[in-house]
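**Q** Fold the following and give me the result.
(one chain, ligands or ions: 1)
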Amino acid sequence: VNLVKVSKQEDFGKVAAYIVSSLVQTSPRAVLGLATGGTPVDLYKELINIFNQGVISFSKVKTFNLDEYVGLPADHPASYRAFMNKHLFDHIDIDMNNTHVPNGQAANPDQECSRYDAMLSESVIDLQVLGIGHNGHIGFNEPADQLMPGTHVVDLLPETREANARYFQSVDEVPAQAITMGVGTIMKSRQILLMVRGADKAEIIHRALTGPITTLCPASLLQLHPNVTVLMDGEAGRLFG
Ligand code: F6R
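**A** Numbers count the residues shown, from 1 in each chain. Okay, here's the model as predicted:
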């Protein structure tokens, strides 16, 4: 695991965008795995800046998002489809048909998981962007005795609904379930960029990278991946000296 600590907050998104845009520049048909949440917002902002400078094009890029809530309409402001359109896709030249987010409104969510996996099986993710939950989740693969390799429906843990309540009127409005890519798919991506920001993530990222490899901390599986970069700000990286 390649640890990168950035001391200046304004550099966090820039360093991440450098990694993603270098790939898109050398591989215009790159397949990107994308995350939502607070952590990658600055990455997407900087990618839009780089796109506006005319340095890269996303016209041939394909994207697969990690997850989506079950039951939220796609145009609900807290849906991950709406998040991606707002923070990235609406501002670049990507073909919307090449952007994939699980459909949280599918009548049959299990069928939707199979459909998503079928699409994923036709490509390999070149670069997967990840954040980490306070409980060590990646995507919405929550700590458990067993983890699923492929896309599946997951019951969100109370702490995850609590952490994401900030995007809703109240915690009761946060959907109880999500569709998430499995850890098998995440681990098959060629390269992983795990972004971690803030003092509240210092302990979990330290445990994930230096503690035992266990399904009780899904991010610990990343210790087994051959090409992971962990980008941390000073606060998140505080326990790494
Ligand atoms: C988001 C996702 C989650 C988040 C994690 C951290 O698509 O899959 O694993 O990356 O919950 O979220 P933030 O960045 O909001 O702290």
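
**Q** center of the chain, which residue is that?
**A** Ala35 (2.3 Å; CA atoms, centre = their mean).

**Q** Please look at that residue and Leu127 and confirm they touch.
**A** No: applying CB atoms under 8 Å, one finds Ala35 not in contact with Leu127, separated by 11.4 Å. C-betas here are computed from N, CA, C, even on glycine.

**Q** Poorly predicted segments of this protein, please.
**A** The model of the chain has no residue with pLDDT under 70.

**Q** how about the residues of the chain near the ligand?
**A** 35-39, 66-67, 131-133, 137-140 (CB under 6 Å from any ligand atom).

**Q** Buried residues, the lengthiest helix in the chain. List them.
**A** Scanning the chain for the helix with the most residues, using DSSP state H, yields helix 9-26. Across helix 9-26, burial judged by 16 or more other CB atoms under 10 Å covers 12-17, 19-21, 23-24.

**Q** Pick out the most distant pair among the residues you listed.
**A** Between any two of those, the greatest separation by CB to CB is 19.1 Å, found for Phe12 and Val24.

**Q** In space, what's closest to Leu3 - neighbours in sequence excluded?
**A** Closest residue to Leu3 apart from its sequence neighbours, by CB to CB, 6 or more residues apart in numbering: Val230 at 5.3 Å.

**Q** chain center to the helix or strand containing that neighbour, what's the gap?
**A** Using DSSP states H and E, Val230 maps to strand 228-233. Averaged C-alpha coordinates place strand 228-233 at 13 Å from its chain's average position (CA atoms, centre = their mean, to the nearest Å).

**Q** Next: stretch 160-178.
**A** Worked out by CA atoms, centre = their mean, stretch 160-178 lies 17 Å from the chain centre.

**Q** just so I have it, where are all the helices in the chain?
**A** Going by DSSP H, the chain shows helices at 9-26, 41-52, 80-87, 109-121, 158-164, 183-188, 202-210.

**Q** out of those, nearest to Asp93?
**A** helix 41-52 (7.2 Å).

**Q** relative to strand 228-233, how tilted is the closest one?
**A** 100 degrees (axes from the mean of the first three to the mean of the last three CA atoms, to 10 degrees).

**Q** packing partners for helix 41-52?
**A** Judged by 3 or more CB pairs under 8 Å, 6 or more residues apart in numbering; DSSP states H and E, the packing partners of helix 41-52 are helix 9-26, helix 80-87.

**Q** and Ala144, how many neighbours does it have?
**A** 14 (other CB atoms under 10 Å).

**Q** That one contacts Thr215, correct?
**A** Yes: in this structure, Ala144 is within contact of Thr215 by CB under 8 Å, at 5.9 Å.

**Q** start to end distance for stretch 215-231?
**A** 22 Å (CA to CA, to the nearest Å).

**Q** For that stretch, list every residue counted as buried.
**A** Within stretch 215-231, judged by 16+ other CB under 10 Å, the buried ones are 215, 217-222, 225, 228-231.

**Q** Over to stretch 119-136?
**A** Quick answer for stretch 119-136 (16+ other CB under 10 Å): 120, 125-133, 135-136.

**Q** Brilliant, that's me finished.
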